[in-house]
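Q: just a sequence and a predicted model for now, questions to come.
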Amino acid sequence: MPNIIERVNRDMDRVIERVWESLVQIRNGFGAGAGTVWHPAGLIITNAHVLGAHGLTVTLRDGRTFPARVLAADRARDVAAIAVEASGLPTITLGDSRRLEPGQWVTAVGHPWGVTGAATAGIITGAGVALPEAPGLGREWIATDLHLRPGHSGGPLVDSEGRLVGINTIMAGPNVGLAIPAHVIVAFLQQALGSRAGVAPGSRAA
């Protein structure tokens with residue numbers, strides 16, 4: 001049994017290490033949230049509510065900080081695309097959010113309460129439109145048993161292989177964390193920035 005646990009721990013360490021490479025911290029002059037590098041030329045995805053009303057700065061995993069500009073934001077779906085003047089950035093791998101099932105293992109990565117790059121693991125409890133605990137009639141959500149905290153917003157929700165399946169967004173109860181599915185993000189990017197922006201380089205579409 002200890003060998004199995006150790007092997008699982010090592011596998012998870014490798015998965016989260018890959019996710020960390022594309023994780024960023026976003027500051028809006030008032031607070032901070034998270035985001036994920038979608039394209040190596042500096043395209044980053046996050047929640048619209050992370051943008052705030054002040055100038056944005058983005059800090060990469062390697063410590064570099066850049067001013068950021070908003071490319072597009074959808075307040076209704078709470079998704080946004082921002083950009084920094086950088087190239088060759090590591091990107092997140094895209095997973096298949098349409099095939100999520102209750103009981104699947106997922107990990108939320110972000111900066112809760114300022115703890116940089118924290119990872120919180122749990123399971124999917126539901127996915128889709130008809131979720132009684134989710135706000136917004138007709139909106140698609142991923143429901144998890146994760147306790148999301150301030151600073152998780154905009155960060156990646158990944159599957160057991162470290163593939164992006166959603167963006168961490170809000171708490172809907174004491175033990176219900178909600179995320180926006182990756183296929184909703186893809187649709188937003190396609191509508192806002194064009195079809196080529198909808199798929200992360202080297203990844204398959206969700």
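A: Great, that's in hand. Numbering: from 1, shown residues only.
Q: in the chain, where is pLDDT below threshold?
A: Along the chain, the model assigns pLDDT under 70 to residues 1-2, 5, 8, 130-138, 195-206.
Q: mind checking which residue lies nearest the centre of it?
A: residue 156 (2.3 Å; C-alpha atoms, centre = their mean).
Q: so it bridges to which residues?
A: With DSSP bridges as the criterion, residue 156 is bridged to residue 167.
Q: my guess is it meets residue 117, correct?
A: No. Look at residue 156 against residue 117 with C-beta atoms under 8 Å: they stay out of range, at 11.2 Å. The way it works is simple: take the backbone N, C-alpha and C, and place the C-beta from them, glycine included.
Q: quick check: neighbours shared by the two?
A: With contacts taken as C-beta atoms under 8 Å, 6 or more residues apart in numbering, residue 156 and residue 117 have 23, 109 as neighbours in common.
Q: hang on, the earlier thing: gap between the residue nearest to the centre of the chain and residue 22?
A: Note on residue 156: its distance to residue 22, by C-beta to C-beta, to the nearest Å, is 8 Å.
Q: could you pull out the helices in the chain for me?
A: Ranges of helices within the chain are 2-22, 182-193, based on DSSP state H.
Q: what sits against residue 114?
A: 32, 151.
Q: got a list of what the residue nearest to the centre of the chain touches?
A: Applying C-beta under 8 Å, 6+ apart to residue 156 gives the contacts 19, 22-23, 34, 36, 92, 108-110, 164, 166-168.
Q: what does residue 48 give?
A: Residue 48 touches 73-75, 77-80, counting by C-beta under 8 Å, 6+ apart.
Q: how about 6 Å then?
A: 73, 75, 78, 80 (C-beta atoms under 6 Å, 6 or more residues apart in numbering).
Q: who wins for neighbours among those residues?
A: Taking other C-beta atoms under 10 Å as the neighbour criterion, residue 80 ranks highest of the contacts of residue 48 with 27 neighbours.
Q: shouldn't that one be in contact with residue 43?
A: No. With contact defined as C-beta atoms under 6 Å, residue 80 does not reach residue 43; the gap is 11.1 Å.
Q: contact partners for the closest residue to residue 181 other than its chain neighbours?
A: In space, and not counting its chain neighbours, residue 181 is closest to residue 97: 4.0 Å by C-beta to C-beta, 6 or more residues apart in numbering. Contacts for residue 97 were tallied using C-beta under 6 Å, 6+ apart; they are 165, 181-183, 206.
Q: among those, which two are most distant?
A: Comparing all pairs in the contacts of residue 97 by C-beta to C-beta, the longest separation belongs to 165 and 183, at 9.1 Å.
Q: which one of the two has more residues nearby?
A: Per other C-beta under 10 Å, whichever of residue 165 and residue 183 has more neighbours is residue 165, with 27 against 19.
Q: and the closest residue to residue 25 other than its chain neighbours, how far from residue 34?
A: Nearest residue to residue 25 in three dimensions, chain neighbours excluded: residue 59, at 4.5 Å (C-beta to C-beta, 6+ apart). To residue 34, residue 59 is 10 Å away according to C-beta to C-beta.
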